[in-house]
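Asks: Can you look at this prediction? I've put the sequence above it.
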Amino acid sequence: MSAPSPKSLRPADLHAAGTDTPLTLAAQGFFWTGGELVDHPIAGKAMRGQQYVEYWIPQALRQPLPIVMIHGGGGQGTDFLGTPDGREGWVHYFVRAGWAVYVVDRPHHGRSPFHPEFQGPMAGPGPTSALERLFSRPETFADNYPQAHLHTQWPGTGQIDDPAFLAFLAGTGPTLIDNAAGQVDAQRAGAQLLDLIGPAILLTHSAGGPPGWLIADARPDLVRAIVAAEPLGPPFAAISGALPFGITHAPLSFDPPLAAGEVLASMDMPSPGEGLVAYKAQAEPARRLPALSQMPILVLTAEASWMAADNHAIVHFLRQAGASVDHMRLEERGIHGNGHAMQLEKNSDDVAGVIAGWLANQGLY
């Protein structure tokens, strides 16, 4: 079955739909960061670890800082470029509000080439039904996580024959088996991006969270704020496997530093309330993350996501490490029913508005 379009894509129809609210850009294009040359027995010199970067610069550039959008695991930059039912995405929302936006396909994802002999072996496929359970219709699985029944915002039925689900499925792809290597590549590409564009705000989602922490760790002077929408967690034990550095698979710059081969010590913490998981934090005295203490951080949690039960743990970890962190739950802002893919759901603009409001409160809007 092919992925049907939820709306007409004929030029005349798209033109008519945009006539009343045209998107006016001063510049739009792409470039690459992070690529490194390696020797290959057949190709000779080959490139690996490159990252596709697409930029959108509004004609009315009203904000002084750009936003860099970093997608999650198995996704790509298109997660921010539109919704599966054909509406504008967070890129459009922030460009219309006067922000320059740089949206990336992390190394090994989307338009960033993935040849296993250059990049490294990819992980095996997971069941498509897991996307329904975790993203599009978690409320229909009786044995799902406690908050699943609150989910109402998917723009369709969420089933395999749902056009919006098929559009979502079409954009999913593989990840590296070696999570640490993938994050190191994303850190290198992200740091190089900031070297090119200057100070910026990082907006990450899910498995884009660790690259965000790592980029800020490498370039704290160029990161003005981090908005982490449901970052990968909980600390030490995420859905993708153990996190040896608490919130990342790749090394962070702790103070005092970890010795070679040393494991970050943890301690067990009880559940802080109904529907919230027990979790692990750093063993006290906690090591600091000096770079992450240099910018404000927002952790954004959706009401009906599986991460609604565990995002408090990553907030605790970051605060232990000296970071200034606001934890915002969408339901506390009157925004209900969102799952993990909040930027793709029916009320995605409302969620973007919450992010914009936080940036304004930080003096960044």
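Replies: Great, that's in hand.

Asks: Work out the gap between the one helix or strand residue 117 maps to and the centre of the chain.
Replies: Taking DSSP states H and E as the definition, residue 117 sits inside helix 116-119. Relative to its parent chain, helix 116-119 has a centroid offset of 24 Å by Cα atoms, centre = their mean, to the nearest Å.

Asks: Next: stretch 216-228.
Replies: Offset of stretch 216-228 from its chain centre (Cα atoms, centre = their mean): 14 Å.

Asks: ditto for stretch 13-28
Replies: Remark: stretch 13-28 is offset 27 Å from the chain centroid, using Cα atoms, centre = their mean.

Asks: now that stretch: mean pLDDT?
Replies: On average, the pLDDT along stretch 13-28 is 88.

Asks: helix/strand/coil for the residue nearest to residue 344 when sequence neighbours are not counted?
Replies: The shortest distance from residue 344 to any non-neighbouring residue, by Cβ to Cβ, 6 or more residues apart in numbering, is to residue 83 (5.1 Å). Every residue, glycine included, has its C-beta placed from N, CA and C. Under DSSP: H, G, I helix; E, B strand; the rest coil, residue 83 falls in the coil class.

Asks: go on, the one 10 residues further on?
Replies: Following three-state DSSP, the label given to residue 93 is helix.

Asks: Now do the same contact list for it.
Replies: 348-349, 352, 356 (Cβ atoms under 8 Å, 6 or more residues apart in numbering).

Asks: at 7 Å what do you get?
Replies: By Cβ atoms under 7 Å, 6 or more residues apart in numbering, residue 93 lies in contact with 349, 352.

Asks: Where do the helices of the stretch 151-300 of the chain begin and end?
Replies: Secondary structure of the stretch 151-300 of the chain by DSSP state H, counting those that start in this stretch: the helices cover 163-170, 179-197, 209-218.

Asks: Centroid-nearest residue for this structure?
Replies: Nearest residue to the geometric centre of the chain (Cα atoms, centre = their mean): residue 205, 1.9 Å.

Asks: I figured it hits residue 71, correct?
Replies: Yes - at 5.9 Å, residue 205 and residue 71 qualify as touching, with contact defined as Cβ atoms under 7 Å.

Asks: Overlap in contacts, these two.
Replies: Common contact partners of residue 205 and residue 71 (Cβ under 7 Å, 6+ apart): residue 79.

Asks: where does the stretch 101-250 of the chain have low pLDDT?
Replies: For the stretch 101-250 of the chain, residues meeting the criterion pLDDT under 70 lie at 238.

Asks: in the sheet, who's paired with the closest residue to residue 362 other than its chain neighbours?
Replies: Residue nearest to residue 362 in three dimensions, not counting chain neighbours: residue 296, with 5.2 Å by Cβ to Cβ, 6+ apart. Beta-bridge pairing for residue 296 (DSSP bridges): residue 324.

Asks: burial count for residue 296?
Replies: For residue 296, the count of nearby residues is 19 (other Cβ atoms under 10 Å).

Asks: Could you tell me how many residues sit around residue 61?
Replies: For residue 61, the neighbour count with other Cβ under 10 Å is 14.

Asks: sorry, back to before: who touches the residue nearest to the centre of the chain in this structure?
Replies: Listed by Cβ under 7 Å, 6+ apart, the contact partners of residue 205 are 71-72, 79, 229-230, 343.

Asks: run the last query once more with 6 Å
Replies: Residues counted as contacts of residue 205 (Cβ atoms under 6 Å, 6 or more residues apart in numbering) are 71-72, 229.

Asks: Most neighbours among these, which one is it?
Replies: residue 229 leads the contacts of residue 205 on contacts (other Cβ under 10 Å) with 29 neighbours.

Asks: for that residue, which residues make a bridge with it?
Replies: Beta-bridge partners of residue 229, as defined by DSSP bridges: residue 205, residue 300.

Asks: Isn't it up against residue 298?
Replies: No - the criterion here is Cβ atoms under 6 Å, and residue 229 misses it with residue 298 at 8.6 Å.
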